[in-house]
Structure formats: structure tokens, C-alpha cells
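Novice: Fold the following and give me the result.
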Amino acid sequence: MLLMTSDWVTLVNGVAWPIGAVVLLLILTSQRGRLLVRPLLRRLHSLGLPGGWSVELSEDAAAETKADVEGALSAYRPRLDTEFARLAHSEGVRNRLATTLETVLSKQERAAAGFRATVHIEDALVRNALYQLVDYWPRGSGAGRRFSVRFGALGRAWRLGASIYERDVPTDDETLITQWGMTREQAQRAATGKRSFVCVLLEHEGEPVGVVFIDAEPANAFQPDVVERFATAEQTRELAAAVGRVRHRTGRLGPGVKLLDDD
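Specialist: Numbers count the residues shown, from 1 in each chain. Here you go, the predicted model:
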């Protein structure tokens, strides 16, 4: 005998609630599940559920929710950063970067005031972000920082999918804000810094995997053919392959959190 519509509704309500309870129990008994669900539970104050349950939505716990969300990301980020660092060391990324720079750039170019270089890779934690994979060469720190793909010469190269050489970046605040995606505070810091930027897009197996970022204080610190020299160097391809392997392995570990609607 065929069941009537009302019978189906009764059956679904009777089965769905116990199944949902079991799933919720499994989530709450795992560490990741608790981190993900806790912010939601604190905000839920009214929500209609089968069987007459009701919880109301409230803003009272907004600060606690913020702390929970930030805590969940803070708990995940160090683990992912550790894996980035481990794989970068395993693949010898910084050593390969040094070899590439010493091969492609002249001594005069490497001697420019404030010269430094690093490698950025597509981030696995946050969408549309680039992760600084290694410390600056020949000296300096910086590994582990994250930058929006909308920011500066680095973001422009990644969005274009092409290597670029900016010979003389303006240092006035308005230009940096309107053309380089900086806030006023960022522009004021950048205005006293570097003017020459080289961003070399690294591709592996036909896909962009990272960017070699180079900057120096004086304008025109590099020769006009610098991008072409990187493009034809075997060392650049070897570096790109190493970065590609890091990207492949970290890409499967990170959640790729979407923060904005246009990400």
C-alpha cells in the first residue's frame, strides 16, 4: 500500500532527527568538529528543530564567537606553517633560490642597496592569498607571512599570470593607494622603502605555483632584460618544480577558507 504524503513527512521527521543527533554527536566528539561547531552553537539562541525544539538567535555572544573563530584558525595555522617550512627545507627552496639569483643576476644588480629576494606560494589556508615560503635572501626574515593577491607588485604579477619588472614605483601615497592596492598606512610605510621590483612567475606542469619576489631601494636597479633572463634560465625551471611540489602537497592539507564573496 502506498504511503500518503503526511505519512512520508512523519516517517522523515522520525528518522531524520535521530540521524542528525548521531551526526552531531560524532562532530562534537572530534577536536576539529568542536572547533567548527562551537562558534555556531554560541550564536544559536533560537532555531526550529523537528520535535518542537527551539533555540533563539542572539548577538550577546558575538565577542565569544569572534574569539572562537580566531582560535580555530590560530590552532590550524601553526600546523600548516610547520608543514610549509618542512617541505620548503626538504625541497631546498631557499638554496635553489640563491643559485637562481647568482646565476641570473649580475654582481652589480645583487649589490644594489636593499637588495633582497624571496619566494611566495599560493596559500593553502586562505583563498586569494600568497604565502611567503622562505626568509629573504641574502639576509632577513619574513617567512610565514600572508599577502592578499590584490596587494602591490606581488599581487599584480599573480593576477596577471605573468612576470613583471617595475623599474621605478612612485612613492607618493595617492598613487600607491589608487594603483597598488595599499591602505594609507601601508602606503606611508612603502613610501620610504623600495622603488625597483621584479616578480618572476613560477610555473610547473603548466600551472602557476609561486612568485620569486625581488626588490631594491634605488630605481632602475636591474637591467631591462631581467625578466627574460629568468625565463630562459634552467635554474628558474628547477626552482619552479621544487615550489610546485610544495604547492601540490600543501594544497591538500589546507582548508582554503573563503573570507570574501569575491574570493
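Novice: show me where pLDDT drops low in the stretch 51-200 of the chain?
Specialist: Scanning the stretch 51-200 of the chain with the threshold set as pLDDT under 70 gives 51-75, 190-192.
Novice: run the last query once more with 80
Specialist: 51-76, 170-172, 175-182, 186-193 (pLDDT under 80).
Novice: can you pull out the helices in it?
Specialist: For the stretch 51-200 of the chain, the helices defined by DSSP state H, counting those that start in this stretch occupy 62-90, 93-104, 107-110, 152-160, 173-180, 184-190.
Novice: Out of the ones you listed, which is closest to residue 252?
Specialist: Nearest to residue 252, of all the helices of the stretch 51-200 of the chain, is helix 62-90, at 10.4 Å by C-beta to C-beta. No exception for glycine: its C-beta is placed from N, CA and C like everyone else's.
Novice: Domain ranges for this structure, per the record?
Specialist: Domain assignment for the chain by automatic domain parsing gives 5-60, 76-251.
Novice: winner for burial among those?
Specialist: domain 76-251 (a mean of 18; mean count of other C-beta atoms under 10 Å).
Novice: distance between the ends of it?
Specialist: End-to-end span of domain 76-251 (C-alpha to C-alpha, to the nearest Å): 14 Å.
Novice: Let me know the pLDDT of residue 18.
Specialist: Note for residue 18: predicted pLDDT of 56.
Novice: 117 is where my numbering starts, stick with that
Specialist: Sure, I'll start counting at 117 from here, so that last one is residue 134.
Novice: Touching, residue 274 and residue 265? I think so.
Specialist: Yes - between residue 274 and residue 265 there is a contact under C-beta atoms under 8 Å: 5.0 Å.
Novice: residues shared between the contacts of these two?
Specialist: Residues touching both residue 274 and residue 265 by C-beta atoms under 8 Å, 6 or more residues apart in numbering: residue 246.
Novice: Tell me which stretches of this protein form strands.
Specialist: 232-238, 245-248, 262-264, 280-282, 312-320, 323-332 (DSSP state E).
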